[in-house]
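> Here is my input, please return the structure:
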Amino acid sequence: MSFNIRGAIMSNIQGSSVQDVEATIQDALKNGEEKMLPGLGVLFEVYWKNADEEQKDQLCQQISQGLQ
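Numbering: from 1, shown residues only. Alright, predicted model coming up:
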C-alpha cells in the first residue's frame, strides 16, 4: 500500500492564509520535529514552482550563506 505524502500535505494546506502558512513554518521550526520536514518540503516546492529566476537565485544565495 502506498501513501502519497505530498498529496496529503497539499490537501491539508490548500487554501491557507498568509498567517496560516507563517504559523505552520514557525511551528515546524520551533518544535524541530522530524515529522514536520515533509510539510516544509512541500511548502518549499510550492514556493519554488511559483518563483521567478531572480527569486530562486536570491533564495539559493540566502540558503548558501546560512550554511557557511
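> where's the residue nearest the centre of the chain relative to Ser17, distance?
Ranked by distance to the mean C-alpha position of the chain (CA atoms, centre = their mean), the top residue is Leu43 at 2.5 Å. Distance from Leu43 to Ser17, counting by CB to CB, to the nearest Å: 14 Å. Backbone N, C-alpha and C define where each C-beta goes, glycine included.
> Repeat that for Leu67.
Going from Leu67 to Ser17 by CB to CB gives 31 Å.
> ok, now Leu29?
Going from Leu29 to Ser17 by CB to CB gives 19 Å.
> show me the contacts for the nearest residue to Leu40 once chain neighbours are set aside.
Nearest-residue entry for Leu40: Ala28, 5.4 Å, with adjacent residues in sequence omitted and distances by CB to CB, 6 or more residues apart in numbering. Going by CB atoms under 8 Å, 6 or more residues apart in numbering, Ala28 touches Met36, Leu37, Gly39, Leu40.
> Please indicate which of the residues you listed are buried?
Burial by neighbour count, 16 or more other CB atoms under 10 Å: within these this picks out Met36, Gly39.
> could I get the contacts of Ala28 as a markdown table with pLDDT and distance to Gln61?
As requested, those are exported to a markdown table (pLDDT from 0 to 100; distance: CB to CB, whole Å):
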| residue | pLDDT | distance to Gln61 |
| --- | --- | --- |
| Met36 | 92 | 25 |
| Leu37 | 93 | 23 |
| Gly39 | 94 | 24 |
| Leu40 | 95 | 19 |
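> now, the most widely separated pair of the contacts of Ala28?
Using CB to CB, the two most remote members of the contacts of Ala28 are Leu37 and Gly39, lying 7.2 Å apart.
> For Phe3, which three-state class applies?
coil (DSSP: H, G, I helix; E, B strand; the rest coil).
> Tell me, what's the model's pLDDT at it?
Note on Phe3: pLDDT of 78.
> That concludes my questions; thank you for your assistance.
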